[in-house]
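Asker: need coordinates for the below:
(one chain, ligands or ions: 1)
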Amino acid sequence: MAETIIQLDNVSVTFQQKKASVQAVKDVTIHIQKGDIYGIVGYSGAGKSTLVRVINLLQQPTSGRIQVGDDVLFDNGQEVISTKTLRQKRRKIGMIFQHFNLLYEQTVIQNVGFALKHSNLDKKAMQAKALKLLDMVDLADKADAYPAQLSGGQQQRVAIARALANDPEILISDEATSALDPKNTNQILDLLQRLNTQLGLTVVLITHEMDAVKRIANRVAVMDDGVVIEEGSLLDIFTNSKEPLTKEFVGAEKGSKAIAALEDAHLAQLQPDEIALQLIYFGESVSEPLVVTLYKNFNVEANIIYSNIDVLGETVVGTNFVVLKGTDDNRQKAIDFLKKANVVVKQIKAGDVDHG
Ligand SMILES: Nc1ncnc2c1ncn2[C@@H]1O[C@H](COP(=O)(O)OP(=O)(O)OP(=O)(O)O)[C@@H](O)[C@H]1O
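Answerer: I've put the predicted structure just below:
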């Protein structure tokens, strides 16, 4: 059974400034399961960084409850954990940022070793552990280099090795790929995914890039103006988003334009024996066999108006907008058949645009 590792309940953060107060986080509740790669998406200023900083109480909330693992850190407006336990707890929560925050006058291995200074390891064991961590991020050969001699992606990998020094259970990645080019971005994301699998590391991935989330996250929260406006599994968010901002992030706008075109071209002119549908399918089913099968088995013609294929993590997701033509009975049989084949079927009616 899934085990909740981060539990934020009704968390709010208000910054008091001289003249005004800023409510950066408003009554947010999210529960992150152990082993999740949990994406938090939103535009700049949405409150993402503030929200994740409350996880290890780098930011004190104004109200709400925070539990990490078995420990309640904050409740009823105050810290409910000793300073010592909080310090230990923080070591089990690694963080990486857009700017790598490395020590530039120290070598790569010294940078990683620095994070071990509170461990009980002697110098030799520290050295060995730092090297092992560098090996984990494929940088053992750069141990004696200086950060400035490394690419941005490599520097971020050093930061990841450092963040893993105290064997954390949670890694918070706050826009860690925002300063990197697409190739380095993907390498870092793939590394986070590998660490998630190999170490069972729970990853909280803050980003404004939906592509990053799409590549590795299994759950997603969308934030806007301090509020989590939508939350769900990656597939849900991509195939069944409700909020306009979520749709904007997942690029469903493209789909909605297709629906608009569909409306213009077809919806107004649908014949009594026609129906317009949006079909979403996962994995192997592809449009061609579908069209043939519907015709062969049910004597229903399927006219594909728009088709798109996306890759979400390991899953291929296809979206088709089609017009089915056939008798009422046969169309219904075709729809039943599609649903049985795990295709999500949504009817599109004029004036009732479902962006999906
Ligand atoms: N220490 C602070 N004092 C006052 N206001 C703050 C403070 N930190 C953040 N804010 C405000 O809180 C809001 C949320 O900021 P936050 O950095 O959490 O957003 P974000 O989604 O992480 O954006 P970004 O990616 O740009 O950092 C913003 O309006 C910001 O100006």
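Asker: which ones are touching the most centrally placed residue in the chain?
Answerer: Nearest to the mean C-alpha position of the chain, by C-alpha atoms, centre = their mean, lies Gly39 at 2.5 Å. By C-beta atoms under 8 Å, 6 or more residues apart in numbering, the contact set of Gly39 is Leu205, Ile206, Thr207, Ala212, Val213, Ala217, Arg219, Val220, Ala221, Leu234. (C-beta placed from N, C-alpha, C; glycine too.)
Asker: pairing partners for the strand or helix carrying it, with directions?
Answerer: Gly39 belongs to strand 37-41 when assigned by DSSP states H and E. The strands that strand 37-41 pairs with in its sheet are strand 202-207 (parallel), strand 219-224 (parallel) (by DSSP bridges).
Asker: the last one: what's the following helix or strand?
Answerer: From strand 219-224 onward toward the C-terminus, using DSSP H and E, the following helix or strand is strand 227-233.
Asker: and for the first one?
Answerer: Tracing the chain C-terminally past strand 202-207 and defining elements by DSSP H and E, one meets helix 210-216 next.
Asker: relative to the ligand, how far out is Ile81?
Answerer: Using C-beta to the nearest ligand atom, to the nearest Å, one gets 22 Å for the distance from Ile81 to the ligand.
Asker: OK, contacts around that residue?
Answerer: By C-beta under 8 Å, 6+ apart, the neighbours of Ile81 are Leu57, Asp71, Val72, Leu73, Phe74, Lys89.
Asker: quick one: it and Phe74, what's the gap?
Answerer: Per C-beta to C-beta, to the nearest Å, Ile81 is found 8 Å from Phe74.
Asker: point to the helix or strand of this protein where mean pLDDT is at its lowest.
Answerer: helix 252-265 (a mean of 64; mean pLDDT, DSSP states H and E).
Asker: and the very next helix or strand once past that helix, which residues are buried?
Answerer: Later in the chain than helix 252-265, the nearest helix or strand by DSSP H and E is strand 274-282. Buried residues in strand 274-282, defined by neighbour count with 16 or more other C-beta atoms under 10 Å: Glu274, Ile275, Ala276, Leu277, Gln278, Leu279, Ile280, Tyr281.
Asker: contacts for strand 274-282 next, please.
Answerer: Counting by C-beta under 8 Å, 6+ apart, 235, 239, 255, 259, 262, 266-267, 270, 290, 305, 315-325, 331, 335, 338, 341-349, 354, 356 sit against strand 274-282.
Asker: residues of the stretch 201-350 of the chain that sit close to the ligand?
Answerer: Taking C-beta under 6 Å from any ligand atom, no part of the stretch 201-350 of the chain reaches the ligand.
Asker: what lies in contact with stretch 146-162?
Answerer: By C-beta under 8 Å, 6+ apart, stretch 146-162 touches 94, 96-97, 100-108, 111-112, 114-115, 130, 133-134, 136-139, 142, 171, 176-177, 179-181, 183-185, 187-188, 191-192, 195.
Asker: looking at the strands paired with strand 37-41, spot the one closest to Pro244.
Answerer: strand 219-224 (9.8 Å; C-beta to C-beta).
Asker: pLDDT below threshold where in this structure?
Answerer: 1, 252-266, 268, 284-288, 350-356 (pLDDT under 70).
Asker: what is in contact with Ile81 and Phe74 at once?
Answerer: Leu57.
Asker: max-length helix in this structure?
Answerer: Looking across the chain with DSSP state H, the single longest helix is helix 182-199.
Asker: next up, the contacts around Asn196.
Answerer: Gly35, Ile37, Thr202, Val203, Ile216.
Asker: which of those tops the neighbour count?
Answerer: For those, the largest number of neighbours (other C-beta atoms under 10 Å) sits with Ile37, at 27 neighbours.
Asker: from Val203, how far out is that one?
Answerer: Ile37 is 4 Å from Val203, by C-beta to C-beta.
Asker: now swap in Met210 and tell me
Answerer: 16 Å.
Asker: ok, Ser21 next?
Answerer: Taking C-beta to C-beta as the measure, Ser21 falls 32 Å from Val203.
Asker: for Thr293, which non-adjacent residue is closest in space?
Answerer: Computed as C-beta to C-beta, 6 or more residues apart in numbering, the closest residue to Thr293 that is not its neighbour in sequence is Phe337, at 7.6 Å.
Asker: out of the contacts of strand 274-282, which are buried?
Answerer: In the contacts of strand 274-282, the ones that pass as buried (16+ other C-beta under 10 Å) are 235, 239, 255, 259, 262, 266-267, 290, 305, 317-325, 331, 335, 338, 343-345, 348, 356.
Asker: correct me, but Phe74 touches Ile66?
Answerer: Yes. In this structure, Phe74 is within contact of Ile66 by C-beta atoms under 8 Å, at 4.2 Å.
Asker: any residues in contact with both of the two?
Answerer: Val54, Leu57.
Asker: ok, now which ones touch Ile229?
Answerer: Contact analysis of Ile229 by C-beta under 8 Å, 6+ apart lists Val222, Met223, Glu243, Leu245, Thr246.
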